[in-house]
Structure formats: C-alpha cells, structure tokens
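1. Let's see this in three dimensions:
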Amino acid sequence: RSLGRYADALPLVERALAIGEATVGPNHPTTAIRLNNLATTLRSLGRYADALPLVERALAIGEATVGPNHPTTATRLGNLATILSDLGRHADALPLEERALTITETTLGPNHPTTAIRLNNLATTLRSLGRHTEALPPAERALAITKAALGPDHPITVRRRNNLAALRRVLAGDGDDGASA
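-> Residues are numbered from 1 along each chain as shown. Here you go, the predicted structure:
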C-alpha cells in the first residue's frame, strides 16, 4: 500500500483479515485493525461501497472493546465519515466528524496534531455541504495547530493554508471552493 500498489496489496490484506479472524476471532481489536486496513485499500482503489461495511464493523468492534470515547474510536469515526463523504453522503458524515473531534479534543487536547486533523476533516465536510461560514473557524484552528506542530513550510501546513485561502475566497464571493483535504 505504501508504494501505491493497492491492487497488489488487496489479496494480502484480505488474507491478513482471514488469518486474524481465524486466530483471534471476529470481534477482536486486531480484527478491527485488519478490517480497517482492508477498507483503506479498497478506498484507495475507489471501491467506497465495498469499504463501507468494513469500516462500520471496525468501528463497532472498537466501540465494544476500547469504548465509545477512545482515540481509536475517534479515528474509526473519522474513517467512516471519510468513506461516507467519498460516497457523497456528507450530511451523514458530519455528525461522525463532530463526534470524532469531541473525543479527540477531550482525550488528546485542543492543540494536539490529531485534533488539527479532525478540525480539517470537519471543515472539509462543512465545505462539501456548502456551509462555508461554519467551516471557517475549524479550518483556521486546524491551520494554527498544524503550523505550531509542523512549522510554516511543512507540506501539510501549506495545504491547510491553501484550503483556508480557498474558503476565504468563496466567502468573499471571489471563486469556487477548490480546497483539498
């Protein structure tokens, strides 16, 4: 997967899931990791509908094993929201993004780099829903946290700065929302 060879990775992550389910069971946290890995690979292949039930199952296992307010649960909520957004279901993704942000801020803190990821994802979902004014505060916070954590010239900081600039242009009526996640 890291080499971008998703089609080659697919049978391997499918096999890893089958082995994991056979050895530790279908509801084990390790199985949830394997489900998430398979879903990520399928998403990379553009197979969003195939990835959706896997991410939903990984989230259910995580909530049952580590609890509903654990950082891992927040990650799985974010993964599910991303798949839903990929499927054009932004309204369904929004409450998941909000819940993931709440968990992350509570467990890791309001200025943690992972909080910046959640804020950016929330802003992206709000932009996709055409709620540009509401997207501005989380986009600004995401940029500030990222800049503090990674520096002003890091590629992620630059991307978030560009996203914020695109959002501000839309709010000023000077362009479309050409932002990227």
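
2. With adjacent residues omitted, what lies nearest to residue 36?
-> Excluding the flanking residues, the one nearest residue 36 by Cβ to Cβ, 6 or more residues apart in numbering is residue 58, at 4.5 Å. All C-beta atoms are positioned from the backbone trio N, CA, C, and that covers glycine.

3. and the one you found, how far is that from residue 104?
-> Distance of residue 58 to residue 104, given as Cβ to Cβ, to the nearest Å: 17 Å.

4. Relative to residue 133, how far out is the residue nearest to the spatial centre of the chain?
-> With distances taken as Cα atoms, centre = their mean, residue 78 lies nearest the centre of the chain, 3.8 Å away. Between residue 78 and residue 133 the distance is 23 Å, computed by Cβ to Cβ.

5. Point out the other elements, helices or strands, that the helix or strand where the residue nearest to the centre of the chain lies touches.
-> Taking DSSP states H and E as the definition, one finds residue 78 inside helix 71-86. On a contact count with 3 or more Cβ pairs under 8 Å, 6 or more residues apart in numbering; DSSP states H and E, helix 71-86 meets helix 29-44, helix 48-65, helix 90-108, helix 113-128.

6. Count the neighbours of residue 154 for me.
-> When counting by other Cβ atoms under 10 Å, one arrives at 13 neighbours for residue 154.

7. Spatially nearest residue to it (excluding sequence neighbours)?
-> Distance criterion Cβ to Cβ, 6+ apart; nearest residue to residue 154, sequence neighbours excluded, is residue 146 at 7.4 Å.

8. Now do the contacts for that neighbour.
-> 113, 116, 120, 154, 156-157, 160 (Cβ atoms under 8 Å, 6 or more residues apart in numbering).

9. Ok, residue 71 next?
-> 103-104, 107-108, 114.

10. and if you look at residue 113?
-> By Cβ under 8 Å, 6+ apart, the residues touching residue 113 are 145-146, 149-150.

11. Tell me if I'm right that residue 70 and residue 108 touch.
-> No: in this structure residue 70 lies outside contact range of residue 108 using Cβ atoms under 8 Å: 10.9 Å.

12. for this structure, what are the low-confidence residue spans?
-> Residue ranges of the chain with pLDDT under 70: 175-181.

13. and the residue nearest to residue 49 when sequence neighbours are not counted, how many residues sit next to it?
-> Distances taken as Cβ to Cβ, 6+ apart put residue 87 closest to residue 49, at 6.8 Å, once the chain neighbours are dropped. Neighbour count of residue 87, defined by other Cβ under 10 Å: 14.

14. Touching, the residue nearest to the centre of the chain and residue 97? I think so.
-> Yes: judged on Cβ under 8 Å, residue 78 makes contact with residue 97 at a distance of 6.9 Å.

15. Brilliant, that's me finished.
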